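S.K.: This is a predicted model, with the sequence first.
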Amino acid sequence: DSWPIYSNTKYQYSVKYPDTWYGQNTGNPQAETAQFTSFKLSSNGSDDLAGFKIEIVFQDRQDKILKNWIEANNAAAQTKAGGLTLTKVAAKEGYQQTITSPQKSIATYLEKDDKVMIISYFAPEVDFEKGKTIYNQLLSSLTLM
């Protein structure tokens with residue numbers, strides 16, 4: 001496909017995203033956070049969800065095993081979420097869960113060195129199922145270096 005590739009040298013990964021989407025921080029190979037949206041984010045920074053958004057962030061694993069880290073993190077953030085499902089992304093075992101509150105989303109968690117890589121998908125309720133295909137395509141394009 002003709003999807004552009006975003007490469008991050010700080011966290012050593014690359015990922016493809018839809019060529020019709022907007023990449024935030026994609027010009028920065030050292031970005032802490034990468035975001036890909038099907039809509040242009042407003043310049044005043046208000047983040048109203050007007051379509052699909054996929055976000056990649058890294059957090060310190062704090063020497064916890066991945067499952068324990070996710071459960072502790074959910075508890076601390078008072079996140080309401082479904083159970084954890086084992087998943088494999090970039091030949092690495094991780095977990096995925098659907099989060100229902102504060103905002104409906106899907107999060108995929110992978111261990112990357114001493115960090116947890118979190119790849120999240122957000123969409124308005126009415127279009128939630130529609131964007132999942134793109135999320136899964138993006139996940140399948142992920143390469144860890």
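M.R.: Noted; the coordinates are in hand.

S.K.: I'd like the average pLDDT over the one helix or strand residue 23 maps to.
M.R.: Following DSSP states H and E, one finds residue 23 within strand 22-24. Per-region confidence: strand 22-24 scores 91 on mean pLDDT.

S.K.: who does it pair up with?
M.R.: strand 34-37 (antiparallel) (DSSP bridges).

S.K.: Need the CA coordinates for the strand it pairs with. PDB is fine.
M.R.: The C-alpha trace of strand 34-37 is given here as PDB (Å, rounded to 0.1, in the frame of the first residue of the first chain):
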ATOM      1  CA  ALA A  34       2.900  10.100  17.900                       C
ATOM      2  CA  GLN A  35      -0.700  10.700  16.900                       C
ATOM      3  CA  PHE A  36      -2.500   9.800  13.700                       C
ATOM      4  CA  THR A  37      -6.000  11.300  13.100                       C
END
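
S.K.: I would like the residues contacting that strand, please.
M.R.: 6, 8, 15, 17-18, 21-26, 41, 51-56, 138 (CB atoms under 8 Å, 6 or more residues apart in numbering). Glycine gets a C-beta too; all of them are placed from N, C-alpha and C.

S.K.: With stretch 80-99 instead?
M.R.: 13, 66-67, 70, 74, 79, 100-101, 104-111, 119, 139-140, 142-144.

S.K.: Which helix or which strand is home to the spatially most central residue of the chain?
M.R.: Centroid check for the chain by CA atoms, centre = their mean gives residue 119 as the closest residue, at 1.8 Å. Secondary structure from DSSP H and E places residue 119 in strand 115-122.
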